[in-house]
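Participant: fold the following.
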Amino acid sequence: MAAKKTARKKTAGRKKATGRKKSTTRKKTTGRKKTSGRKKTTTRKKSSGRKKSTRKYSKKSGRKVERAMREMKHGKLRSGRSGKKVTSRKQAIAIGLSEARHEGAKVPKKKKS
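Facilitator: Purely as a prediction, here's the structure:
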């Protein structure tokens, strides 16, 4: 049996006709512009050169995260309730920060989703 071939019409190069035409006449305005009495000016704050910032995380919280990471790499870090072995880097950091929070170290609040 011979296979049937179907012919397709070429549509490349054709433009679709739209029902709307662009108007060349402008609408007349009332002659009065709407403006506020004041001019808007932009002002920038001057920077003093160096950026002064305070620590977001305390040294204590850094040490807790460091310890949790080391335990995770050696396969000793376990999660809370289930006691399963932690293999995720993010989870190890979260455990370290959580322990630091419980001891009262300076750690930013958890992001609420």
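
Participant: could you confirm residue 64 falls within a strand?
Facilitator: No. Counting by DSSP: H, G, I helix; E, B strand; the rest coil, residue 64 is located in no strand; its state is helix.

Participant: and it, how far is that from residue 70?
Facilitator: Residue 64 sits 11 Å away from residue 70, going by CB to CB, to the nearest Å. (Glycine included, C-beta is placed from N, CA and C.)

Participant: which one of those two is surrounded by more residues?
Facilitator: For residue 64 and residue 70, the more surrounded residue by other CB atoms under 10 Å is residue 64, and the numbers stand at 24 against 13.

Participant: that one and residue 102, how far apart?
Facilitator: Distance, residue 64 to residue 102, by CB to CB: 10 Å.

Participant: next: residue 61.
Facilitator: 11 Å.

Participant: settle it for me: which of those two has more neighbours?
Facilitator: residue 61 (22 against 10).

Participant: so that one is in which element?
Facilitator: Taking DSSP states H and E as the definition, residue 61 sits inside helix 59-74.

Participant: all set, thanks.
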